[in-house]
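Undergrad: the following block contains a protein sequence and its predicted model.
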Amino acid sequence: MKFCARATIPQREVLWQNFLALYSEESRHYHNLAHIEDCLTKLDQWPSQPSPAERDAIELAIWFHDVIYDTHRADNEESSAALATHYLRGHPLQIDCHALILATRHKQTEGMRAEEIICDIDLSILGAKPEKYRAYAENIRREYHWAEQEEYREARARVLENFLNKEKLFQTPYALGKWEKQARINIKAEREALMSPA
């Protein structure tokens, strides 16, 4: 709420209640307020802080980037960006926030500093310590509870294979040095477990 006051976010009480409701949905086991808090903490710890305006846009986008999350759909980022635009219409950060939310689709962000930072923060869980990564992987499976085991195993393995096929998982020098090596170890371990289920 302090951020909302500083950045003069409109309807901040209503917005906060909606954040609480949406991020606390029963179906959310990873994409919840704990994930948002973790992302905000990592933004605070970022070694080369962006400009104040850029940082405010990233922080606002972190709050909104998973506000709509439905595992049956493939347009969650677009829906989250649309909701952000609804609340922020006319606000100086509206356009940048919208673009940063869409960047978390993790497509092309190279050379765009703010987009690189939010994407690296969003993916930082991949480079967590093994026990934390395993908890993340288990929570993702819980979010897809409706999928049959074989269906999930094959789909998740494809996602992990796509990660491993990337030249680099992270964009910024800081994230590459901090998370890249462990992320590849974690992803390979999860994929191997999926390919040889007990």
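TA: Everything's here; your move.
Undergrad: residues in contact with the spatially most central residue of the chain?
TA: Per Cα atoms, centre = their mean, the C-alpha nearest to the average position across the chain is that of residue 122, at 3.5 Å. Taking Cβ atoms under 8 Å, 6 or more residues apart in numbering as the definition of contact, the neighbours of residue 122 are 39, 65, 104, 106. Just so you know, the C-beta spots here come from the backbone N, C-alpha and C atoms, and that holds for glycine as well.
Undergrad: now the residues you listed as a markdown table including secondary structure and distance to residue 75?
TA: Formatted as a markdown table, the entries for the contacts of residue 122 read as follows, by DSSP: H, G, I helix; E, B strand; the rest coil; distance: Cβ to Cβ, whole Å:
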| residue | secondary structure | distance to residue 75 |
| --- | --- | --- |
| 39 | helix | 21 |
| 65 | coil | 13 |
| 104 | coil | 13 |
| 106 | coil | 14 |
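Undergrad: most neighbours of all the residues you listed, which one?
TA: residue 65 (30 neighbours; other Cβ atoms under 10 Å).
Undergrad: wait, it touches residue 78, no?
TA: No: the pair formed by residue 65 and residue 78 falls short of the contact definition of Cβ atoms under 8 Å, at 11.4 Å.
Undergrad: end-to-end on stretch 11-31?
TA: Chord length of stretch 11-31, first to last residue, is 24 Å (Cα to Cα, to the nearest Å).
Undergrad: report the buried residues of that stretch.
TA: Under the neighbour-count criterion of 16 or more other Cβ atoms under 10 Å, stretch 11-31 has 15, 22-23, 28-31 buried.
Undergrad: stretch 98-105 now?
TA: Within stretch 98-105, the residues that qualify as buried are 98-105, counting by 16+ other Cβ under 10 Å.
Undergrad: any chance of these in TSV, plus distance to residue 49, pLDDT and secondary structure?
TA: Converted to TSV, the buried residues of stretch 98-105 look like this (distance: Cβ to Cβ, whole Å; pLDDT from 0 to 100; DSSP: H, G, I helix; E, B strand; the rest coil):
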residue	distance to residue 49	pLDDT	secondary structure
98	22	96	helix
99	20	96	helix
100	16	97	helix
101	20	97	helix
102	23	96	helix
103	18	95	helix
104	20	95	coil
105	25	94	coil
